[in-house]
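Colleague: Could you work out the structure for the sequence below:
(2 chains)
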Amino acid sequence: DAEITQSPRHKITETGRQVTLACHQTWNHNNMFWYRQDLGHGLRLIHYSYGVHDTNKGEVSDGYSVSRSNTEDLPLTLESAASSQTSVYFCASSESRAGGYEQYFGPGTRLTVT
Amino acid sequence: AQKVTQAQTEISVVEKEDVTLDCVYETRDTTYYLFWYKQPPSGELVFLIRRNSFDEQNEISGRYSWNFQKSTSSFNFTITASQVVDSAVYFCALTGGSSNTGKLIFGQGTTLQVKP
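Modeller: Below is the predicted model:
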C-alpha cells in the first residue's frame, strides 16, 4: 500500500543546531507540503513543492528550507533551530494542485528545541 | 485572503448526544473546496469529507453529516449519537479552485471530548 512516512518521529535538539526532518511518499504524487501544528493555530503551511526542483514558501517559511531532488522526498531543514520552532510537523502529499484533491498526511514529527 | 474559523475551541458531550462542530470560511474564489479532517489522540490526520462550492447538497455518512450553506459561508459537521471513539480534534480546511495551488488553509481546530 502507498504511504507517506516521516522520520524521526520525535526529536530533541538544541538552539542553533541545524535539523533536517525527512518525508517520503510512495503515492507518486507530484505535490508535497510541510505544515506545522501549534495549539490555537491549527496547521500552517511552511513550504510546498509541485514537482522535482520546484519549491515555494508558505505562510510561515522563515527559518525553514526545503529541496526536492526526486518525486518521493521533501526534506525540511531548520537552518538554526529556535525555541519558537518547537512544534509538531506534518508532511502531506496530493495528486494534483487543483483544489479538489485531498491531501494525505504523514504521522508527524514532534520537535523540541531546548 | 482566505480564512477558516472554528469558533468552538473545545466541546464536551456525553455519549449518545448529538454534537455540531461549526466552520465558517472566507474566500473570494468562486470555485473552492472545503474539507474536514479528524485527528484522534494518536495524532494522525484522517480525511473525512470534501465538498466543492457548486454542490450545496448535505451529505450523510453513517452517524456523520455535513451541512454546507454558501449563504452563510458555513460548512458544519454533525455527529449523531456520539461515541467515545469520536473524541478527537476536528479541523475544517479550505482550498481555492481558481488559484489552483492545492494549499490547504486550516481552521484552529475543535477538540471534541465524548464522555462515557
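Colleague: three-state assignment of the nearest residue to residue A:112 once chain neighbours are set aside?
Modeller: Nearest residue to residue A:112, sequence neighbours excluded (C-beta to C-beta, 6 or more residues apart in numbering or on different chains): residue A:12, at 4.7 Å. Backbone N, C-alpha and C define where each C-beta goes, glycine included. Here residue A:12 is recorded as strand under DSSP: H, G, I helix; E, B strand; the rest coil.
Colleague: do residue A:23 as well
Modeller: Applying three-state DSSP: residue A:23 is strand.
Colleague: got a list of what it touches?
Modeller: Contacts for residue A:23 (C-beta atoms under 8 Å, 6 or more residues apart in numbering or on different chains) come out as A:4, A:5, A:6, A:32, A:34, A:73, A:74, A:75, A:76, A:91, A:106.
Colleague: near chain B at all, stretch A:79-91?
Modeller: Yes: residues of stretch A:79-91 contacting chain B under C-beta under 8 Å from any C-beta of the partner chain: A:88, A:90.
Colleague: hang on, residue B:38 in a strand?
Modeller: Yes: per three-state DSSP, residue B:38 lies within a strand segment.
Colleague: burial of residue B:31, as a residue count?
Modeller: 16 (other C-beta atoms under 10 Å in any protein chain shown).
Colleague: is it true that it touches residue B:54?
Modeller: Yes: counting by C-beta atoms under 8 Å, residue B:31 touches residue B:54, with 7.3 Å between them.
Colleague: Got the phi and psi for residue 80?
Modeller: I'll assume chain A. Phi and psi for residue A:80, reported as degrees, to the nearest 10, are phi -150, psi 100.
Colleague: Show me what the lowest-mean-pLDDT helix or strand in chain B is in contact with.
Modeller: Taking mean pLDDT, DSSP states H and E as the measure, strand B:59-61 is the helix or strand of chain B with the lowest mean score, a mean of 87. Here strand B:59-61 makes contact (C-beta under 8 Å, 6+ apart) with B:49, B:51, B:65, B:66.
Colleague: quick one, what contacts the third one?
Modeller: The reference is to residue B:65. B:58, B:59, B:77, B:78, B:80 are the contacts of residue B:65 under C-beta under 8 Å, 6+ apart.
Colleague: wait, which of those residues is closest to residue A:55?
Modeller: Relative to residue A:55, the closest of the contacts of residue B:65 is residue B:77; by C-beta to C-beta it sits at 33.6 Å.
Colleague: so the closest one makes contact with residue B:64?
Modeller: Yes: contact criterion C-beta under 8 Å: residue B:77 and residue B:64 qualify, at 7.0 Å.
Colleague: Now residue 14: closest residue in space that isn't a chain neighbour?
Modeller: Just so you know, I chose chain A. residue A:114 (5.7 Å).
Colleague: Can you look at chain B instead?
Modeller: residue B:115 (5.3 Å).
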